[in-house]
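J.: fold the following for me, if possible:
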Amino acid sequence: MTDRTTRAFRNLPIRHKLMVIVMLTTTSALLLAGMGIIVSDSFLLREFLQRDLSALAGIIADNSTASLAFDDPQSAAETLGTFRTKSHIVAACIYRADGRLLARYLRADAVSGCPPDSAGNEIRSTHNDMAVTRIILLGNRRLGTLALLYDLGEINERMRLYAGVVLAILLGSTLIAVLLSSWLRATIATPISQLADAAALVSDTRDYSIRAEKISTDELGVLVDAFNEMLARIQLRDDRLKKALTAREEALREAQSARDSLKITLASIGDAVISTDVEGRIVFANRVAQSLLKYGEAELIGTHLDEVFRTVNELDRAKCESPVARILRHDTIAAASNQTVLIARDGTETPIENSGAPIGSENGDIQGAVLVFRDVTSRRRAEETLGLLASIVESSDDAIIGSDLDGMVTTWNKGAERTFGYSLDEVIGRPISVISGPGLPDEMPEILERIRAGEKIDPYATVRRARSGVSIAVSVAVSALRDGLGRVAGASLIARDIGEQVRAAERLARLNRDLRTTNENLARSNEDLERFAFVASHDLQEPLRMITVYSQLLVKMYSQEADSQASDFLANIVGGTRRMRALLSDLLAFTEIGARREEAAEAVDLNGILELVKENLKAAIEDSRAVITSDHLPAVNAYQGHLVPLFQNLIGNAIKYRGERPLHIHVSVEEKDGQLRFAVTDNGMGIEPEYHRKIFGAFKRLHGNKIPGTGIGLAICQRVVERYGGRIWVESQAGEGASFIFTLPGILRSREET
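T.: Prediction:
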């Protein structure tokens, strides 16, 4: 109901209101009852329909088992034909177990086909229809599914019927309500109207001698008697009130004039002022007080001071008693207090000073109290800043010296005493040149003149002399000191002893020179060593090849003539030269990896590298029956001559150090932390943890001569990996296989892969 309608109804005569109330009450009750019946019947009918349709679907499903069992569409169609008696059945369909349609029934006006098949028994209901699905079983075997579609037009028909009945009842009840309201209006409204007319007449004429006529002795009669008695009392008091009001208005005018004058005075001062009555309730608060307390004037007037003026001790956070409470209790002036924090309405905390005094009347009685307080935040910050600056200056390890524009020392901190050896009393009032000393430059007169002219002085390094006569290397920063008006009044000099830094810089320069010399010597030694290893391993190949060839010829030509001992000697010579050649070959590869400095990188497919390694190790792979698998490896920009020995040594070692189980080797790769991480994993004999670091050293072998090898393979792998900025390690336990893992952060994927 809108405000306009409410006002119109409120202004109607009582007789009309009675009629409207009776009509609205009757109509609302009937409408709510009818709507409740219609809505509840709609929900109940839906539940009944679901139950009936579920039962009907179960009966039809049971009757269709034979049709499905014998795949008889005609029999199934006859069973579904029974739905013709049900006008609200839109469609009914029987599906085989594989979801194919066996038979269906469609109402003549049906616009849609069969409802969809379902995996289980379910009822789906929408606003317009209801779909029922029932599984057809024979024993525990599913033969098919029955699907029904039922329209909900029956519900709409019943709702229309009930609506018509409710409307008819409503019309009849309205007629009865009109007749009843007419009788009530005549019985109740007439006495009330007469009383209202009398009240209106008194209001218009201000004639309190008028009386209302009493018709009955019921509640309305009692109301008329009370009304007439009230008029008599008002008439008596009206005369007295007119005289009292005249005197009061005169006194109020005088008091208001005095109060306005006081408010203007208190509002113009900079401190916060609050006055209270004798009970501590606020009667006045100027704008400064309102601002600090975060309350408006209307909110403060009449509120007890303790509710808005909340203070705590700044040090121990203990609650403070307000000065007004002490004044009203002891009738004494409350002295100013500090270390007090005011907590405003919004939680803002403000340090304040406050004091108070009692307000007395002419006869000496206390009428209230006045509280005066002020925000001391700015003053407190200034004091704290000054104290902090003084503490910083005094505790600084640097020498901080103040002087006037004539060069006389005005301040001298502990750092200056420690640095130069002079006490405060020895230098105050003396020229700052006291720390220059004879024979040392004194640049301060020139600097003071530049400061006087407003120039900025850049920090500089110089030498000063302590009281003991020792020269001190210092870094000096000089800046202007200004007075309260912003005028240059002197200079501040900060001197830091940099003797240790100077000596450290000299030592560092000397160490850098020695390091460069050492690096140059080491580089030459490395080049000579690599050149010697390359030449030695290369030039020794030819005589070893000759020894091997002629030893093999001796075995071949004189094997019948030589005794067993000579044959063993020749076999040892051949085996030793073969191992020496393998060792020199690995040594040459090891040297070449370190000797090459700038090979041209090329796009290398690691899958192709792996296939090349398998071909090189073909005989060993076939002999060991090893199975080698791998992830799809990326193509990288690198030098192929480095990657082949890396993978070949790792896979070759896995074959040599195999265990009793069928050997399986897997090469994997993952990208972790922005770099490629490879792993060659086998299920061989494994390595004890104490040997994990030793095996990467050159000529380090764990099994002696039991397993052939030179002991350089893993050293070559480590050198290749470290050449590209990576690292290689092994994760293994004895008897549990090994996983050799290495990273190659210096290798980038080729563009074809990215």
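J.: residue 461 and residue 495, how far apart?
T.: 10 Å (Cβ to Cβ, to the nearest Å). All C-beta atoms are positioned from the backbone trio N, CA, C, and that covers glycine.
J.: do residue 151 as well
T.: Residue 151 sits at a distance of 102 Å from residue 495 (criterion: Cβ to Cβ).
J.: between these two, which is the more surrounded one?
T.: Set residue 151 next to residue 495 and count neighbours by other Cβ atoms under 10 Å: residue 495 wins out with 22 against 18.
J.: so that one: helix, strand or coil?
T.: Recorded secondary structure, residue 495: strand (DSSP: H, G, I helix; E, B strand; the rest coil).
J.: contacts only, for it.
T.: 398, 399, 401, 416, 419, 464, 474, 475, 476 (Cβ atoms under 8 Å, 6 or more residues apart in numbering).
J.: which of the residues you listed sits closest to residue 695?
T.: residue 475 (55.6 Å; Cβ to Cβ).
J.: give the buried residues for the helix or strand where that closest one lies.
T.: Assigned by DSSP states H and E, residue 475 belongs to strand 471-482. Neighbour counts over strand 471-482 (16 or more other Cβ atoms under 10 Å) mark 472, 473, 474, 475, 476, 478, 480, 481 as buried.
J.: equivalent analysis for stretch 727-736, please.
T.: Quick answer for stretch 727-736 (16+ other Cβ under 10 Å): 728, 730, 732.
J.: next secondary structure after the helix or strand where the second one lies?
T.: I take that to be residue 730. Using DSSP H and E, residue 730 sits in strand 728-732. Later in the chain than strand 728-732, the nearest helix or strand by DSSP H and E is strand 738-744.
J.: mind putting the buried residues of stretch 727-736 into JSON lines with distance to residue 627?
T.: What follows is the buried residues of stretch 727-736, written out as JSON lines (distance: Cβ to Cβ, whole Å):
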{"residue": "728", "distance to residue 627": "24"}
{"residue": "730", "distance to residue 627": "21"}
{"residue": "732", "distance to residue 627": "19"}
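J.: closest to residue 302 out of these?
T.: Within the buried residues of stretch 727-736, the smallest distance to residue 302 is 86.0 Å, found for residue 728 (Cβ to Cβ).
J.: ok, and the closest non-adjacent residue to that closest one?
T.: residue 742 (3.8 Å; Cβ to Cβ, 6 or more residues apart in numbering).
J.: what number of residues lie near the nearest residue to residue 433 once chain neighbours are set aside?
T.: In this structure, residue 433 finds its nearest non-sequential neighbour in residue 442, 4.9 Å apart by Cβ to Cβ, 6+ apart. Neighbours of residue 442 under the rule other Cβ under 10 Å: 16.
J.: what of residue 691?
T.: 13.
J.: before we move on, what's the pLDDT of it?
T.: Note for residue 691: predicted pLDDT of 74.
J.: tell me the spacing between it and residue 732.
T.: Relative to residue 732, residue 691 is positioned 9 Å away (Cβ to Cβ).
J.: check residue 742 too.
T.: 14 Å.
J.: so what's residue 21 up against?
T.: Residue 21 makes no contacts at all, as judged by Cβ under 8 Å, 6+ apart.
J.: immediately after the host helix or strand of it, which helix or strand?
T.: Assigned by DSSP H and E, residue 21 belongs to helix 14-63. Note on helix 14-63: by DSSP H and E, the next helix or strand toward the C-terminus is helix 65-69.
J.: which of the residues in that next one are buried?
T.: 67, 68.
J.: which strands and helices sit next to that helix?
T.: Packing partners of helix 65-69 (3 or more Cβ pairs under 8 Å, 6 or more residues apart in numbering; DSSP states H and E): helix 73-81, strand 89-96, strand 101-106, strand 129-138, strand 141-151.
J.: residues making contact with the third one?
T.: Contacting residues not belonging to strand 101-106 are listed as 67-68, 71, 73-74, 76-77, 79-81, 83-84, 89-96, 113-114, 144 [Cβ under 8 Å, 6+ apart].
J.: just the C-alpha atoms of that strand, please, in PDB.
T.: The C-alpha coordinates for strand 101-106 follow below in PDB (Å, rounded to 0.1, in the frame of the first residue of the first chain):
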ATOM      1  CA  LEU A 101      12.100 -49.300 -30.600                       C
ATOM      2  CA  LEU A 102       9.800 -52.300 -30.400                       C
ATOM      3  CA  ALA A 103       6.300 -50.700 -30.400                       C
ATOM      4  CA  ARG A 104       4.700 -47.300 -29.600                       C
ATOM      5  CA  TYR A 105       1.400 -45.600 -29.000                       C
ATOM      6  CA  LEU A 106       0.800 -41.900 -30.000                       C
END
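J.: quick one: mean pLDDT over whatever helix or strand comes next after it.
T.: Downstream of strand 101-106, the first helix or strand assigned by DSSP H and E is strand 122-125. Model confidence over strand 122-125, given as mean pLDDT, is 82.
J.: now do strand 122-125: which elements does it pack against?
T.: Strand 122-125 sits against helix 14-63, strand 129-138, with contacts defined as 3+ Cβ pairs under 8 Å, 6+ apart.
J.: which of the ones you listed has the lowest mean pLDDT?
T.: helix 14-63 (a mean of 73).
J.: for residue 329, helix, strand, or coil?
T.: Reduced to three states by three-state DSSP, residue 329 is helix.
J.: and for it, the neighbour number?
T.: 9.
J.: now residue 320
T.: If we define neighbours as other Cβ under 10 Å, then residue 320 has 17 of them.
J.: can you give me phi and psi for it?
T.: Dihedral pair for residue 320: phi -100, psi 140, per degrees, to the nearest 10.
J.: residue 343 is in contact with that one, correct?
T.: No - between residue 320 and residue 343 there is no contact, the gap being 10.3 Å when judged by Cβ atoms under 8 Å.
J.: assign a three-state SS to the spatially closest residue to residue 375 that is not a sequence neighbour, would you?
T.: Spatial nearest neighbour of residue 375, chain neighbours left out: residue 350 (5.4 Å); criterion: Cβ to Cβ, 6+ apart. With three-state DSSP as the basis, residue 350 sits in strand.
J.: give the contact list for residue 350.
T.: Contacts for residue 350 (Cβ under 8 Å, 6+ apart) come out as 292, 341, 342, 344, 375, 377.
J.: distance of it from residue 309?
T.: Counting by Cβ to Cβ, the separation of residue 350 from residue 309 is 12 Å.
J.: now do the strands in the stretch 601-750 of the chain.
T.: 602-605, 627-630, 635-638, 664-672, 675-682, 728-732, 738-744, 748-749 (DSSP state E, counting those that start in this stretch).
J.: packing partners of the longest one?
T.: The criterion is 3+ Cβ pairs under 8 Å, 6+ apart, and the helices and strands that strand 664-672 contacts are strand 627-630, helix 640-656, strand 675-682.
J.: okay, the second one in CSV with CA atoms only?
T.: Translated: helix 640-656. The C-alpha trace of helix 640-656 is given here as CSV (Å, rounded to 0.1, in the frame of the first residue of the first chain):
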residue,chain,number,x,y,z
GLN,A,640,77.8,-33.7,-32.1
GLY,A,641,81.3,-34.8,-31.3
HIS,A,642,80.5,-34.1,-27.6
LEU,A,643,77.2,-35.8,-27.4
VAL,A,644,78.1,-39.1,-28.9
PRO,A,645,80.8,-40.0,-26.3
LEU,A,646,78.5,-38.7,-23.5
PHE,A,647,75.7,-41.1,-24.3
GLN,A,648,77.9,-43.9,-25.6
ASN,A,649,80.0,-44.1,-22.3
LEU,A,650,76.9,-44.0,-20.1
ILE,A,651,75.1,-46.8,-22.1
GLY,A,652,78.3,-48.8,-22.5
ASN,A,653,78.9,-48.7,-18.8
ALA,A,654,75.3,-49.9,-18.2
ILE,A,655,76.0,-52.9,-20.4
LYS,A,656,79.4,-53.7,-18.9
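J.: quote the end-to-end distance of stretch 624-639.
T.: 30 Å (Cα to Cα, to the nearest Å).
J.: follow-up on the earlier one: any chance of the strands of the stretch 601-750 of the chain in a markdown table, with distance to residue 243 too?
T.: Below are the strands of the stretch 601-750 of the chain laid out as a markdown table (distance: least, Cβ to Cβ, whole Å):
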| stretch | distance to residue 243 |
| --- | --- |
| strand 602-605 | 117 |
| strand 627-630 | 118 |
| strand 635-638 | 114 |
| strand 664-672 | 102 |
| strand 675-682 | 105 |
| strand 728-732 | 112 |
| strand 738-744 | 109 |
| strand 748-749 | 109 |
